[in-house]
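Undergrad: any chance you can model this:
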Amino acid sequence: METTTDWSTPPSYDEYPEENVVLEELKLLTARNFLQFHPSNPTVNSNKRKVNDWDWFDESILKQRTKIFKTYGVIRGSECSFVMDSGSAGNYVSENLVSFLNLSIEDLASPYHVCWVNHEARTLVTKRCLVEFSIGHRYEDKIWCDVMQMDSCHILFGRPWQWDRNVYYRGCKNVYELKVNGEPIKLFPKVEKMK
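TA: Down below sits the predicted model:
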């Protein structure tokens, strides 16, 4: 399925808050910063700006520089946390969420190991699950996710989601843009649970 993106039309925005059933029995932890490096003297290479000068950035934009994109959505009527990460090579769903919501799973044709997802050094991934979800009122989708033990979020969307949905990421604003049924949608990070 090939989609084309028309960025000339104005985007539509989701409205918050939404009605949701809060998933009470699952632990909801924050995403961790892995391999994070904070230089003591950041530099900007430009002939118009001085080195080490971040004054030209709007403060709200500068705060997004090290933020992980995290939002909340709904799966089978339960509120769940989502992380979008272009550094992840796959789409993943938490084993705890699959068990709690009794989602159908199937064996992977080629099991594999991943690293740096939880406290263990290597995690074997052997199952996958078709996850039907919604984020906001207008973005509903079904995505194949590999099932694994995660404690940073319930769903982690990586490069496959971005590629398959032709997603555009605005790094300075930490906003994802995509089209669903020809309609532009913007996804914003959400730091609080929905009410």
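Undergrad: output the contacting helices and strands for the strand ranked longest in the chain.
TA: The strand that spans the most residues within the chain, counting by DSSP state E, is strand 122-135. In terms of contacts (3 or more Cβ pairs under 8 Å, 6 or more residues apart in numbering; DSSP states H and E), strand 122-135 is packed against strand 69-75, strand 78-84, strand 92-94, strand 106-115, strand 139-148. To be clear about C-beta, it is placed using only N, CA and C from the backbone, and glycine gets the same treatment.
Undergrad: now it: mean pLDDT?
TA: The pLDDT scores in strand 122-135 average 94.
Undergrad: for residue 151, give me the pLDDT.
TA: pLDDT, residue 151: 84.
Undergrad: give me the three-state assignment for it.
TA: coil (DSSP: H, G, I helix; E, B strand; the rest coil).
Undergrad: for residue 100, same thing?
TA: helix.
Undergrad: any idea which helix or strand in the protein has the lowest mean pLDDT?
TA: strand 21-22 (a mean of 52; mean pLDDT, DSSP states H and E).
Undergrad: in the sheet, who's paired with residue 125?
TA: Beta bridges link residue 125 to residue 112 when assigned by DSSP bridges.
Undergrad: so where's this protein uncertain?
TA: Within the chain, the ranges that satisfy pLDDT under 70 run 1-7, 11-64, 116-120, 191-195.
Undergrad: what's the neighbour count on residue 100?
TA: The tally of other residues near residue 100 (other Cβ atoms under 10 Å) stands at 18.
Undergrad: mean neighbour count for the helices and strands packed on strand 122-135 - can I get that in TSV?
TA: Output for those, formatted as TSV (neighbours: other Cβ atoms under 10 Å):
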stretch	mean neighbour count
strand 69-75	21
strand 78-84	22
strand 92-94	27
strand 106-115	10
strand 139-148	18
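Undergrad: next, the angle strand 69-75 makes with the longest strand of the chain.
TA: Computed with axes from the mean of the first three to the mean of the last three Cα atoms, to 10 degrees, the direction of strand 122-135 lies at 70 degrees from that of strand 69-75.
Undergrad: buried set for strand 122-135?
TA: Of the residues in strand 122-135, 123, 125, 127-129, 131, 133, 135 count as buried by neighbour count, 16 or more other Cβ atoms under 10 Å.
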